[in-house]
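Trainee: model this:
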Amino acid sequence: MMNVLSTLITPEKGGKQPVYIQIANQLMSLIKDGTLQSGYRLLSTRQLAAILKVHRRTVVQAYDELLAQGWLESQTGNGTFVAKHLPEIRPLPLPVKETSDKDPLKKAGFQFDRPPHLDKPILKAGWRLHLDDGFPDPRLAPLDDLSRAYRSQLLHGNAYTRLGYGETSGTSWLRQELSAHLNETRGLKTSPANILIVRGVINGMYLTVTSLVKPGDYVAIDSPGWFGAAMNVTQAGARVCEVPVDEHGMVVDALEEICEKQPIRMVYVTSHHQYPTAVALRPDRRIKLLKLAEQYGFVIFEDDYDYDFHYLSKPLLPLFGADRAGMVLYCGSFTKTISPAFRIGYLVGPEDVIAQLASLRRIIDRQGDTMLENAIAELLQTGVIQRHLRKSVRVYKQRRDLFCELLKSELQDHVRFEVPDGGMAVWTSFDPAIDIPKLAERAAQKDLYFSNGKVAGYPPPFRNYIRLGFASSDPGELEESVTILKNLL
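Mentor: Numbering: from 1, shown residues only. Okay, the predicted model is just below:
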């Protein structure tokens with residue numbers, strides 16, 4: 001055994017780990033794999049030190065470490081032994097073909113489901129040019145003001161209160177400022193108790209579906225629509241009902257026909273700028289949708305992801321403001337206002353539902369980023385965000401006009417589109433003969449990103465449609481992007 005140990009225990013002197021830790025870890029491995037069985041008497045510290053050519057004190061430290069962890073036990077006057085309470089381990093050689101892919105850091109030893117609805121690529125920034133899904137330009141964001149406000153939150157005030165646990169529903173300051181902001185800009189009549197701070201619309205959707213929808217329920221979603229909503233519904237074990245969309249938004253008459261055939265628990269709708277088409281839900285359809293909700297008892301989840309960016313006239317007010325029966329939950333975020341990196345959103349609804357969702361949020365994400373929430377509250381209170389929005393709307397309108405003119409003049413033989421009244425992207429139809437995934441791949445080689453359409457999963461009539469975002473690119477970048485597309489086509 002002395003000869004065996006001299007080959008099995010090989011501490012590296014001068015390594016990153018102390019030698020006694022290396023010895024202890026290697027002895028532990030020999031015990032785990034069954035080489036040293038329970039009750040085995042170890043060499044004395046003097047003998048092992050001589051074999052390993054280390055100081056005896058080093059071996060003493062290694063033994064002490066394993067004694068403390070329970071791997072060894074000492075019998076006064078008799079020596080040190082592998083602990084007897086350990087189960088007997090008999091090493092079994094594995095077949096060679098099975099050992100090649102048994103890396104526990106790469107592959108779990110247990111089975112688990114891999115639902116196909118979660119198998120969606122995640123978009124990450126990485127291209128110099130981008131005609132994205134409709135994201136803001138972070139170069140316009142009030143980052144200096146936000147930085148100062150965040151620093152102020154970190155350094156000033158009672159540290160225990162400021163840096164400790166807070167309210168699950170979000171900081172009271174942000175909910176108060178948001179309530180005032182939403183009431184002023186969207187004609188709502190909320191109080192802070194009507195608001196839950198979330199980490200973006202998709203977080204609000206997850207909380208809502210998880211809490212209010214049961215397995216087997218039917219949830220109606222516009223088609224084409226946002227794949228994130230469908231993913232959440234499927235994850236909850238509910239069934240998706242697709243409602244067609246035309247030039248006036250969701251076809252509410254078609255929704256009514258569905259309601260007559262089967263019970264609908266929830267309707268997901270992007271009423272202001274329908275995703276992905278960017279059209280607004282017509283007023284008469286809004287009224288009918290609210291009446292259907294009251295008649296059939298379904299929840300309306302109103303996703304208003306870019307309300308503030310409307311260019312033609314005053315935007316239509318949210319369904320939530322016209323709801324007299326408490327059937328609507330209204331959700332928005334600062335993702336489009338500032339940048340996707342700042343995960344601050346809001347879910348607005350009746351007080352009892354908001355309290356319920358806050359309770360659920362507690363076991364998923366104890367609370368949000370208190371520092372960031374209060375920094376945003378300060379920017380709302382001082383009017384920084386309001387001024388930023390007014391500036392951004394002017395800039396994005398100019399970019400929309402330029403981009404649409406470029407599409408019309410440079411790509412008129414290949415694309416069709418309608419100039420959107422609002423939003424940050426143009427719903428674009430490419431010639432059916434064009435292979436969108438291949439075109440996107442070739443564009444990426446030119447450092448230009450746009451969606452290949454696969455993630456969105458639009459139904460067959462819209463397979464050659466994609467959203468081309470214009471807001472995140474300046475005029476020069478838009479011109480260069482369209483030139484690359486023109487040359488590729």
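Trainee: what's near enough to touch residue 71?
Mentor: Taking Cβ atoms under 8 Å, 6 or more residues apart in numbering, we find residue 71 in contact with 27, 28, 31, 82, 83, 86. All C-beta atoms are positioned from the backbone trio N, CA, C, and that covers glycine.
Trainee: Tell me the one of those residues nearest residue 379?
Mentor: The closest of these to residue 379 turns out to be residue 28 (Cβ to Cβ; 53.8 Å).
Trainee: Which of the helices or strands spans the closest one?
Mentor: According to DSSP states H and E, residue 28 maps onto helix 19-32.
Trainee: Who are the contact partners of residue 135?
Mentor: Counting by Cβ under 8 Å, 6+ apart, residue 135 has contacts 336, 340, 424, 469, 471, 472.
Trainee: Point out the ones among those that are inside helices.
Mentor: Using DSSP state H, no member of the contacts of residue 135 falls in helices.
Trainee: Which stretches in the stretch 151-300 of the chain count as strands?
Mentor: Secondary structure of the stretch 151-300 of the chain (DSSP state E, counting those that start in this stretch): strands at 195-198, 218-223, 239-246, 249-250, 266-269, 299-303.
Trainee: remind me, longest helix of this structure?
Mentor: If you go by DSSP H, the chain has its longest helix at helix 384-410.
Trainee: What part of the chain, helix or strand, is modelled with the least confidence?
Mentor: In the chain, no helix or strand scores lower on mean pLDDT, DSSP states H and E than helix 96-99, which sits at a mean of 50.
Trainee: Domain map for this protein?
Mentor: Split into domains by automatic domain parsing, the chain comes to 2-82, 129-134+387-488, 141-382.
Trainee: And these: which comes nearest residue 106?
Mentor: The nearest among these, by Cβ to Cβ, is domain 2-82 at 19.9 Å.
Trainee: Who are the packing partners of the longest helix of the chain?
Mentor: helix 370-381, strand 415-417, strand 425-430, helix 475-488 (3 or more Cβ pairs under 8 Å, 6 or more residues apart in numbering; DSSP states H and E).
Trainee: cutoff 10 Å now
Mentor: Applying 3 or more Cβ pairs under 10 Å, 6 or more residues apart in numbering; DSSP states H and E, one finds that helix 384-410 makes contact with helix 143-155, helix 172-186, helix 370-381, strand 415-417, strand 425-430, strand 465-469, helix 475-488.
Trainee: Let me know which of these is tucked in deepest.
Mentor: strand 465-469 (a mean of 23; mean count of other Cβ atoms under 10 Å).
Trainee: Mind listing the strands it pairs with, and their directions?
Mentor: Paired with strand 465-469 in the same sheet, following DSSP bridges, are strand 425-430 (antiparallel).
Trainee: Whichever helix or strand comes after the partner strand: which residues count as buried?
Mentor: Counting by DSSP H and E, the next helix or strand C-terminal to strand 425-430 is helix 436-445. By neighbour count on 16 or more other Cβ atoms under 10 Å, the buried set for helix 436-445 is 436, 439, 440, 442, 443.
Trainee: residues contacting the residue nearest to the second one when sequence neighbours are not counted?
Mentor: Spelled out, it's residue 439. Counting by Cβ to Cβ, 6 or more residues apart in numbering, residue 439 lies nearest to residue 488, which is 6.2 Å off, once chain neighbours are set aside. Listed by Cβ atoms under 10 Å, 6 or more residues apart in numbering, the contact partners of residue 488 are 414, 434, 438, 439, 440, 442, 443, 445, 446, 448.
Trainee: Now the two most distant members of these.
Mentor: 414 and 445 (18.9 Å).
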